[in-house]
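Chemist: Here you go, sequence then predicted model.
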Amino acid sequence: MTRACEQQICCEDTPYYHCISRVVRRAFLCGFDQYSQTDCEHRRQWVYDRLAELDEVFCIDICAYAIMSNHYHLVLYINKQAVDELTDIQVIERWRKIYTGPDVIQRYINGEALSKELYTLVEDTVEKWRQRLADISWFMRCLNEHIARKANFEDNCKGRFWEGRFKSQALLDPQALLTCMTYVELNPIRAKMAETPEDSEFTSIKQRVEESREKKTKKLGKKAKQIALKEFVEQSMPESHGIPFCYQDYLELVDWSGRVIRADKRGAIDDNLPPILMRLGIDGECWIKAMSPKGSHYFSHALGCRKALRAYAEKLHINWIKGIVMCSKLFPS
């Protein structure tokens, strides 16, 4: 049975989530459709631009993304500390970048004298907006609704653009986060749309590589609005809220995983197995299976070690959760 997003998304369980949206009928409404010979490749740029815009509004960090021809993947981090530190004015300024809001908010900003009832209305409105700024459901709504309206206007039609509401998957521990991020980065490789991760268009791995090159060559000129990706930090820095892995280790792992997939060596362990898998206690053979085109079929709406999955299932009052056997093999420690 499908569960409501508010039952699946909770900062107390984990701040990391994997979100997926797919267009109706799995048609290539964001790429080149061979059947209708229609090129809608430019719509992938729409998704990227909207993500960059929402990244400046919401207190939700983007860890990884892959914008494909008929769907997209996001790995998101709910930055609860950031939204709590915002002043009321900052909350208003952020939310009004995408929505106008009631007239009383503008009167409040202008410094007009308001009645007690109107001040209460302003306080309630700001508190509601503050909660939305850390709400993945609102983030995805603002993204998908915007793209659907633009696409329908361009096609001069009405109706659904996306299959339905987005799908979400809770990432309960660092191993789950690493697995999901790598899986997302390798989408173009599995779809045979790119030869290497750094050549994969509209992916976070390509953006990270390009930004690293620019920093080394110090070519940091003015650019169009970009997504501010969440940074990597060493695991020895517990007070940091960055992605808890070494960036170089991550690049090595994504590159190795992509080579194994392209070489069709499913189940075979390369001699150059990245040490990050060993340090995290991740089984190499199961890792390759998880990175395969059917890797996502092994899991349901949560990913993590056996203990974390059992605790998650108990909180949702369910007796069984898909993927617990695979996760036990993938994360044996």
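Modeler: Looks like it came in fine.
Chemist: Just give the nearest non-adjacent residue to residue 199, would you?
Modeler: residue 206 (7.0 Å; Cβ to Cβ, 6 or more residues apart in numbering). For glycine as for every other residue, the C-beta is placed from the backbone atoms N, C-alpha and C.
Chemist: Correct me if wrong: that neighbour contacts residue 189.
Modeler: No - Residue 206 is beyond contact range of residue 189, at 11.6 Å (criterion: Cβ atoms under 8 Å).
Chemist: more crowded one of these two?
Modeler: Taking neighbours as other Cβ atoms under 10 Å, residue 206 and residue 189 compare with residue 189 leading, 26 against 19.
Chemist: Quick check: the closest residue to the more buried one other than its chain neighbours vs residue 102, distance?
Modeler: What sits nearest to residue 189 in space, not counting adjacent residues and going by Cβ to Cβ, 6+ apart, is residue 258, at 4.7 Å. When distance is defined by Cβ to Cβ, to the nearest Å, residue 258 is 50 Å away from residue 102.
Chemist: what's the neighbour count on residue 178?
Modeler: Residue 178 has 23 neighbours, counted by other Cβ under 10 Å.
Chemist: let me redo that: residue 49
Modeler: 16.
Chemist: Number the residues from 788 up from this point.
Modeler: Will do, 788 is the new start, and the previous item becomes residue 836.
Chemist: If you count neighbours, what's buried in the helix or strand hosting it?
Modeler: Remark: residue 836 resides in helix 830-842, with elements defined by DSSP states H and E. By neighbour count on 16 or more other Cβ atoms under 10 Å, the buried set for helix 830-842 is 830-831, 833-838, 840-842.
Chemist: again, but for stretch 872-889
Modeler: Neighbour count says stretch 872-889 has 873, 878-879, 881-882 buried, by 16+ other Cβ under 10 Å.
Chemist: And stretch 927-934, by the same measure?
Modeler: Quick answer for stretch 927-934 (16+ other Cβ under 10 Å): 927, 929-931, 933-934.
Chemist: Next one, pLDDT for residue 1007 please.
Modeler: Per-residue confidence (pLDDT) for residue 1007: 57.
Chemist: mind listing the strands for the stretch 938-1087 of the chain?
Modeler: Under the criterion DSSP state E, counting those that start in this stretch, the stretch 938-1087 of the chain contains strands at 954-958.
Chemist: low-confidence ranges in it?
Modeler: The stretch 938-1087 of the chain contains residues with pLDDT under 70 at 1005-1010, 1022-1027, 1049-1058, 1082-1085.
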